[in-house]
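# only geometry, no sequence info:
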């Protein structure tokens, strides 16, 4: 019985992490005009932020795909989520566009590791009902993806700093 309770607690925790991950990735689009204004960059340079994040994600998925079976999934999730939260937290404090790109590269890499390994870990924890638990995990992603733009738009419309919104979410993730 204790193993089942432990798996339930771990699963609930992973679902929350997935929802926060989804909130974070869907916040970026609505703040893009502010990022462009804040850093005095062109629209194409704003798009580079997403490109760099995606590049970090692609590279990390390749590396994790090669190494995941040799590493502890819980430790890998913890490690990647800490970098994910830290990069989102630090976005509020960088004033240099190159540093911002570096943070979004780290964000992209760590968030994709988190996503990939959480899916694998849920599958490992619930082999007998894997599809049910993975569907629930993706439901939590959907809820977070729905909430992210609402969260940031609500704050921006009330003249709340987008940097603070990112920073607070980063702290919550940490």
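On my side now, so go ahead. Quick caveat: nothing in here was measured; it's all calculated off a predicted structure.

# for this structure, which spans come out with low pLDDT?
Applying pLDDT under 70 to the chain flags residues 1.

# how far away from the center of its chain is the biggest helix by length in it?
In the chain, assigned by DSSP state H, the helix with the most residues is helix 2-38. Distance of helix 2-38 from the chain centroid (Cα atoms, centre = their mean, to the nearest Å) equals 5 Å.

# quick one, the helix or strand just after that helix and helix 2-38 angle?
Remark: after helix 2-38, the chain's next helix or strand is helix 43-67, criterion DSSP states H and E. Computed with axes from the mean of the first three to the mean of the last three Cα atoms, to 10 degrees, the direction of helix 43-67 lies at 160 degrees from that of helix 2-38.

# quick check: angle from the helix or strand harbouring residue 131 to helix 2-38?
Under the criterion of DSSP H and E, residue 131 resides in helix 130-157. Angle, helix 130-157 to helix 2-38, by the same axes, to 10 degrees: 30 degrees.

# list the buried residues of the longest helix of the chain.
By neighbour count on 16 or more other Cβ atoms under 10 Å, the buried set for helix 2-38 is 11, 14-15, 17-28, 30-31, 35-36. In short, each C-beta sits where N, CA and C put it, glycine included.

# what sits against the most centrally placed residue in the chain?
For the chain, residue 21 is the residue whose C-alpha lies nearest the centre (Cα atoms, centre = their mean; 3.3 Å). Taking Cβ atoms under 8 Å, 6 or more residues apart in numbering, we find residue 21 in contact with 84, 111, 114-115, 141, 144.

# 10 Å - rerun?
Residue 21 makes contacts with 81, 84, 110-112, 114-115, 118, 140-141, 144-145, 148, 173, as judged by Cβ atoms under 10 Å, 6 or more residues apart in numbering.

# state the distance from it to residue 107.
10 Å (Cβ to Cβ, to the nearest Å).
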